[in-house]
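In: Below is the structure, and that's it, no one-letter string:
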């Protein structure tokens, strides 16, 4: 879990969080969060889960097992959806051009 404290520190900085705000949301004491950030104490599983939910990242990312915020299957789904959306847009564009070309006599400039 060597990357945990670095990842936690980064997430706190990126989200401009205060330890007391994290404590209020997760129930993890602010001084405990400080020990996690400093790397002097390793978190228990419950704390890892609470913090990953708080920052909306996977626990695997938080502890340094993976380098993407979400698990690989979530990233794969995102890429497939993005492709589908682009295909849909391209298909719509082609249909619109066909419609325009077949109805030129109705379209005024």
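Out: Right, received. Where do you want to start? Predicted model, so just to flag it, every value in this text is computed and none were measured.
In: Can you spell out which helices and strands pack onto the least confident helix or strand in the chain by mean pLDDT?
Out: Within the chain, no helix or strand scores below helix 72-102, which has a mean of 73 by mean pLDDT, DSSP states H and E. Under the contact definition 3 or more C-beta pairs under 8 Å, 6 or more residues apart in numbering; DSSP states H and E, helix 72-102 sits against no other helix or strand. No exception for glycine: its C-beta is placed from N, CA and C like everyone else's.
In: Now residue 48: which helix or strand?
Out: helix 45-55 (DSSP states H and E).
In: Check which element follows that helix along the chain.
Out: helix 59-62.
In: Which strands or helices does that following helix pack on?
Out: Partner elements for helix 59-62 (3+ C-beta pairs under 8 Å, 6+ apart): helix 4-14, helix 45-55.
In: can you list those helices in a markdown table and add mean pLDDT?
Out: As requested, these are exported to a markdown table (pLDDT from 0 to 100):
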| stretch | mean pLDDT |
| --- | --- |
| helix 4-14 | 94 |
| helix 45-55 | 94 |
